[in-house]
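J.: kindly return the folded structure for what I paste below:
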Amino acid sequence: MSSSVPEAGLLVYLALATALGAGLLGLSALIRHRVERSRPDKRETYECGEAPFGPAWRKLPVGFYLVALLFILFDVEAAFLFLWVESLEELGSLAFLEMVAFLGVLLLGWVYALRKGDLTWAR
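T.: Sure thing, here's the model as predicted:
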């Protein structure tokens with residue numbers, strides 16, 4: 001059998017995947033909640049029983065996103081460190097030196113963000 005002709009299994013898989021995707025989109029369109037037909041008070045923002053103030057979609061300061069990105073960076077680092085500590089005895093001293101290099105690169109990134117002022121709320 002030549003390699004340029006797709007196998008029947010692949011075609012069946014693609015057809016099923018396409019049918020499932022289209023079917024789920026169609027089903028969600030049929031059973032979705034329609035705000036236009038419901039009561040007007042259901043369209044308002046709910047804030048724990050309080051009357052909402054201001055628009056629901058307001059812009060956040062860029063500093064919030066920078067701190068969130070840095071948190072994700074250091075959170076992933078912490079998760080990586082836990083796995084590394086568990087297997088350090090098996091990996092040996094080379095793994096320790098590699099982790100020191102990894103932490104050094106992250107420390108340089110942290111110092112760069114600190115010097116640039118990205119870790120302060122007010123600029």
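
J.: which other helices and strands contact the helix or strand of the chain with the lowest mean pLDDT?
T.: Lowest on mean pLDDT, DSSP states H and E among the helices and strands of the chain sits helix 62-86, with a mean of 81. Contacts defined by 3 or more Cβ pairs under 8 Å, 6 or more residues apart in numbering; DSSP states H and E place helix 62-86 against helix 93-116. Glycine gets a C-beta too; all of them are placed from N, C-alpha and C.

J.: what angle sits between the helix it packs on and helix 62-86?
T.: 170 degrees (axes from the mean of the first three to the mean of the last three Cα atoms, to 10 degrees).

J.: flag every buried residue along helix 93-116.
T.: 99, 110, 113 (16 or more other Cβ atoms under 10 Å).

J.: out of those, who's nearest H33?
T.: Checking the buried residues of helix 93-116 against H33 with Cβ to Cβ, the nearest one is A113 at 42.4 Å.

J.: what residues are up against the closest one?
T.: Neighbour list for A113: 66, 70, 119 [criterion: Cβ atoms under 8 Å, 6 or more residues apart in numbering].

J.: state the pLDDT value of it.
T.: pLDDT for A113: 81.
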